[in-house]
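Trainee: Got a predicted structure here, sequence first:
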Amino acid sequence: MLSKNTEKYPNAQLAYNNRGCCYLRLANVASRKEEFFNKEYLAKAFQDFDRLIQINDGYRAAYHNRGLVRFYLKDYSGAVEDYSKALSKDTTNKGIYFDRATSRTEMGDHAGALEDFDLAIQHKIRLAEAFFNRGNTKRKINDLEGALADYNRAIGAKPDFLEAIQNRSLLHMVLKDYPSALKDLDRILELKPDDQVTIQNRKVIKALVDSLGGKAS
């Protein structure tokens, strides 16, 4: 139906946007199976959002959606450009801050990413993920205490956040807080009992804790 709409009414803006969104969803599903389907659907989504922008540069969702496509295509600078354009056209969509932060992280623009994650957190956008990703960014710039605080906040917002617990356990090891690392490893095994890497890590950290009499060095 959407294809017929765009053929009969080439300037049908809603049809282009909806079909582009459908292709984007299909790309996300297909990417779990075969990579070429991902690229095929992403290319179709890009065409629809690009055409929509040509028809109506002020269409509120078009730049954001095209930015998402560019992100999945690993065109991070293009995604940031589209997200920034989207924000200039729709200041109410605060979720764009999170998406732009993620692209800036991939580009190595840690300062820009931190600014956007701060804004996402300020507007309570995907709080657990925002704290987690901001923590990862802080870790990359060697702000280890800041990263630890953000992992704590991420896990506070989502107690079963496995990736955050894993990253916090590694950070505890780096900071030589072995008892805390051991607690995190125990929690990981509660969530993922057959994780062999964690099982081995736990043995090593348990031995360290025992050798220190249960105290961190």
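Mentor: Sure, I can see it.
Trainee: surely Arg205 meets Leu182?
Mentor: Careful, residue 205 is Ile and not Arg. Yes: using CB atoms under 8 Å, Ile205 is in contact with Leu182, at 5.0 Å. Yep, even glycine has a C-beta here, placed from its N, CA and C like the rest.
Trainee: low-confidence ranges in the protein?
Mentor: 1-10, 30-37, 214-217 (pLDDT under 70).
Trainee: can you list contacts of the lengthiest helix in the chain?
Mentor: What stands out as the longest helix in the chain, according to DSSP state H, is helix 35-55. With contacts defined as CB atoms under 8 Å, 6 or more residues apart in numbering, helix 35-55 is touched by 11, 13, 16-17, 19-21, 23-24, 26-27, 30-31, 59, 62-63, 65-66, 69-70, 72-73.
Trainee: Tell me which of the residues you listed fall in helices.
Mentor: Taking DSSP H, the ones among the contacts of helix 35-55 that sit in helices are 13, 16-17, 19-21, 23-24, 26-27, 30, 62-63, 65-66, 69-70, 72.
Trainee: what angle do the longest helix of the chain and helix 62-72 make?
Mentor: Helix 35-55 runs at 160 degrees relative to helix 62-72, counting by axes from the mean of the first three to the mean of the last three CA atoms, to 10 degrees.
Trainee: Make 303 the first number, not 1, from now on.
Mentor: Let's use 303 as the start, then, which means that last one is helix 337-357.
Trainee: For helix 337-357, list every residue counted as buried.
Mentor: By neighbour count on 16 or more other CB atoms under 10 Å, the buried set for helix 337-357 is Asn340, Tyr343, Leu344, Lys346, Ala347, Phe348, Gln349, Asp350, Phe351, Arg353, Leu354, Ile355.
Trainee: Any chance of those residues in CSV with distance to Tyr480 as columns?
Mentor: Converted to CSV, the buried residues of helix 337-357 look like this (distance: CB to CB, whole Å):
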residue, distance to Tyr480
Asn340, 41
Tyr343, 47
Leu344, 45
Lys346, 51
Ala347, 48
Phe348, 49
Gln349, 54
Asp350, 53
Phe351, 50
Arg353, 57
Leu354, 55
Ile355, 54
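Trainee: all strands of this protein, in order?
Mentor: Taking DSSP state E, the chain contains no strands at all.
Trainee: quick one, domains of it?
Mentor: 303-377, 396-461, 465-514 (automatic domain parsing).
Trainee: Pull the distance from the longest one to the chain's centre.
Mentor: By that I understand domain 303-377. The chain centre lies 20 Å from the centre of domain 303-377; the measure is CA atoms, centre = their mean, to the nearest Å.
Trainee: I'd say Leu429 and Phe419 touch.
Mentor: No: if you go by CB under 8 Å, Leu429 and Phe419 don't touch, sitting 10.6 Å apart.
Trainee: These two: who's more crowded?
Mentor: Ranked by neighbour count (other CB atoms under 10 Å), Leu429 and Phe419 place Phe419 first, with 29 against 17.
Trainee: From Ile398, how far off is the most centrally placed residue in the chain?
Mentor: When CA atoms, centre = their mean is applied to the chain, the residue found nearest the centroid is Thr404 (5.6 Å). Relative to Ile398, Thr404 is positioned 11 Å away (CB to CB, to the nearest Å).
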